[in-house]
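*Asks:* Attaching a predicted model along with its sequence, questions to come.
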Amino acid sequence: MPEGQPVIFSGGTLIPVSSPPVTDGAVLVEDGRIRSVGPISEVGRENPDAEIHFFPNYVLLPGAVNAHAHLGFRRKDRPEGGTFAGWLSKLIERLPEKESWGAEAARDSAREAVEAGTTYMAESSPYGECLPQLAESGMAGTAFAEFFPHEIGTPEEAVEFIVGKTGELRKGLPERVNASISVHSPYTVDPESSRLAAQRTRELGWKLAIHLSESPEEVEFVRYGTGGLADIFGRNEWGGMGASPVRYASDVELLAPGTIAAHLATGVSEEEIEILARTGVAAAHCPRSNDYLGCGVSPVPRMLERGIRVGMGTDGLWSSPSMNLFEETLFAVDLHGLDGATGLQLATLGGARALGIEDETGSIEPGKWADLVLVETAPGDGDSEREVLEAAAGGAVAVTVVGGNVIYNRLGA
Ligand SMILES: [Zn+2]
C-alpha cells in the first residue's frame, strides 16, 4: 500500500469488539492506522478517493493478540503430556537436539499464527532467541528474553547480563517489534535474581513476563521444596518457602501492573486472586496447555469478576496443539461457559489490555493500528459472536492485516 494512500476494508459484518457489530461495516486505513469506522455507505461517501477492498461474505474483526507463546518448538517432537514434571524432563532432554527446537520451528510457528489471524504476539524464548523470527513474521509483538542465572553467575551478574543483552536486542527492530525480559519461573530463577530483574525492568519501563502457579509440582516445590521439580532441579535449593507461588511472587516483588503472569492454573484460591487484583498484575490464560500437562483449570471467571486483566495465550507447540489463538479461546469459552462476545473480547482487546497496549491495538477504533482479520462466515441469528469465534478457530481466517499491511491473504485478491 503506498504511503498516505487511504484504503477501505469492508466486510459483511464488522465486529469492533469495543462497540456493537456494524452490518456492512467498513474501516478506513491510512498510514497503517484506523482513521474511521462505520457502515460502508458512510465511510465510502466521505472518502471517495480511497481504494476499496470489499469482502461481502466475511466478518471483519480485530486481529488476535497472543499474550503468551513460545515460537521455538517443532510440533512433531512434542513430548508426551500427562504430568508437568514428566513433560518438562523430556523437554530438557530434547533441547540439545537443535533441529527440533530453533529457528526453523520458530518460523513455522509464526507462520501458523499469522495464518490463524494473529496480529500481535508476546513470545518468550531463552535469551530472546526467537526474536528474529517474530520480527520477520510481519506480526507486531514482544520477545521476552528468558534467562537462567545458574548459567551466568551471581544474581547481580545474571540480571546485568540479561538487561544488557535485551538492550542490544531492542536495537534496529521494526517499529512495532520489541524485546523485554522474562523471569522464567519460581523453580528456575532464584528469588534474588527474580527480585532484581523485576526491579530493573520496572526502572527501565519494560514489561515483565513470568510463568506462575502453573502446575501442582510448582506449588509443591515453592511450598515444600519437594516433588517432581525438586527432583529435576536438585541444585535449585530455594524451594520450600511455605507459601503459594502467587504469595511468593508477591514477596519478591514480581507482581505489578507491567507483569504478565502466564497460566495461574493450579493453586490459585481466593487469597491468591486477592493478591493478583491488589498488585494489578495481568494474566495470560493457556487452557489447552494446562489440560495437556495435567495443570488444572485457571479460575478465569473469578479473576475477570475481580477486574484482573486476562488475555489468552497458546503457549508453544510442545504443550499445545496449535498456534491458533481463536482455537485456544474457543476451548476457554467451552471450559468456563462463557458467551461468544466474551470469547472474542478475550482473544483481542483482553490480550491488548493484559499487555498494556490497548491504546494501540486489540479493537477496531479510530487511532489504533489497523490490525485486522477477515473471517469467512455468515453469522446467523443465535450467538453470532460465538459463530465467528468457531469459524476463526476452525481455520476460516482468510486475510491478516497488521498496521495496514496485508501479511496473509489466501484469497489472492
Ligand atoms: Zn509458557
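*Replies:* Nice, thanks for sending it over. Numbering: from 1, shown residues only.

*Asks:* switch to C-alpha atoms for all contacts and neighbour counts from now on
*Replies:* OK.

*Asks:* Identify the residues contacting Glu220.
*Replies:* Neighbour list for Glu220: Thr226, Gly227, Gly240 [criterion: C-alpha atoms under 8 Å, 6 or more residues apart in numbering].

*Asks:* Now do the contacts for the first one.
*Replies:* Spelled out, that is Thr226. Residues counted as contacts of Thr226 (C-alpha under 8 Å, 6+ apart) are Glu220, Gly239, Gly240.

*Asks:* Just these: which are in helices?
*Replies:* Among the contacts of Thr226, DSSP state H puts Glu220 in helices.

*Asks:* now, among the contacts of Thr226, which is nearest to Val375?
*Replies:* Nearest to Val375 among the contacts of Thr226: Glu220, at 43.5 Å, using C-alpha to C-alpha.

*Asks:* about what we covered before: and which of the contacts of Glu220 is nearest to Gly81?
*Replies:* Using C-alpha to C-alpha, these come closest to Gly81 at Gly227, 17.3 Å.

*Asks:* Number of residues surrounding the closest one?
*Replies:* Gly227: 16 surrounding residues under other C-alpha atoms under 10 Å.

*Asks:* still on that earlier bit, narrow the contacts of Glu220 to those in strands?
*Replies:* In strands, defined here by DSSP state E, there are no members of the contacts of Glu220.

*Asks:* ok, Val37 - contacts?
*Replies:* With C-alpha under 8 Å, 6+ apart, Val37 has these contacts: Gly25, Ala26, Val27, Leu28, Val43, Ile364, Glu365, Pro366.

*Asks:* Could you rerun that using 6 Å?
*Replies:* Ala26, Val27 (C-alpha atoms under 6 Å, 6 or more residues apart in numbering).

*Asks:* Look up how far Gly351 lies from it.
*Replies:* Per C-alpha to C-alpha, to the nearest Å, Val37 is found 22 Å from Gly351.

*Asks:* How about Val401?
*Replies:* 17 Å.

*Asks:* The two: which is more packed in?
*Replies:* Taking other C-alpha under 10 Å, Val401 and Gly351 do not tie; Gly351 has more neighbours (32 against 25).

*Asks:* check contacts around the residue lying closest to that one once chain neighbours are set aside.
*Replies:* Of all residues not flanking Gly351 in the chain, Gly311 sits nearest, at 3.7 Å (C-alpha to C-alpha, 6 or more residues apart in numbering). Neighbouring residues of Gly311 by C-alpha under 6 Å, 6+ apart: Ala67, Ala284, Leu346, Gly350, Gly351, Ala354.

*Asks:* Surely the second one is in a strand?
*Replies:* Yes: Ala284 forms part of a strand when assessed by DSSP: H, G, I helix; E, B strand; the rest coil.

*Asks:* Could you pull up the contacting residues of it?
*Replies:* When the contact criterion is C-alpha under 6 Å, 6+ apart, the partners of Ala284 are Ala67, Ala261, Ala262, Val310, Gly311, Met312, Gly313.

*Asks:* count of residues packed around the last one?
*Replies:* By other C-alpha under 10 Å, 33 other residues sit near Gly313.

*Asks:* pretty sure it is touching Ala67, no?
*Replies:* Yes: contact status for Gly313 versus Ala67: in contact at 4.9 Å, counting by C-alpha atoms under 6 Å.

*Asks:* which non-adjacent residue is nearest Pro379?
*Replies:* Once flanking residues are discounted, Pro379 sits nearest to Glu387: 6.0 Å by C-alpha to C-alpha, 6+ apart.

*Asks:* In three-state terms, label the one you found for me.
*Replies:* Per three-state DSSP, the local secondary structure of Glu387 is helix.

*Asks:* now swap in Arg107 and tell me
*Replies:* Secondary structure, three-state DSSP: Arg107 is helix.

*Asks:* now it: how far from Tyr127?
*Replies:* The gap separating Arg107 from Tyr127 is 17 Å, by C-alpha to C-alpha.

*Asks:* which SS state does the spatially most central residue of the chain fall under?
*Replies:* With distances taken as C-alpha atoms, centre = their mean, the residue of the chain nearest its centroid is Ala67 (1.7 Å). Here Ala67 is recorded as strand under three-state DSSP.

*Asks:* For it, give me its contacts.
*Replies:* Shown in contact with Ala67 (C-alpha under 6 Å, 6+ apart): Ala122, Ala284, Gly311, Met312, Gly313, Gly351.

*Asks:* Equivalent analysis for Val397, please.
*Replies:* Ala116, Gly117, Leu374, Val375.

*Asks:* of the residues you listed, closest to Leu60?
*Replies:* Leu374 (4.7 Å).

*Asks:* What values do phi and psi take at the closest one?
*Replies:* Note on Leu374: backbone dihedrals following degrees, to the nearest 10 are phi -110, psi 130.

*Asks:* thought it was touching Gly63?
*Replies:* No: checked against C-alpha under 6 Å, the pair Leu374 and Gly63 is beyond contact range at 8.8 Å.

*Asks:* For those two, indicate the residue with more neighbours.
*Replies:* Gly63 (33 against 28).

*Asks:* helix, strand or coil for Arg111?
*Replies:* Assignment for Arg111 (three-state DSSP): helix.

*Asks:* Could you check the pLDDT of Arg235?
*Replies:* Note for Arg235: predicted pLDDT of 84.

*Asks:* hey, where'd the helices end up in the stretch 101-250 of the chain?
*Replies:* For the stretch 101-250 of the chain, the helices defined by DSSP state H, counting those that start in this stretch occupy 103-115, 131-136, 155-169, 191-204, 216-224, 228-232, 245-251.
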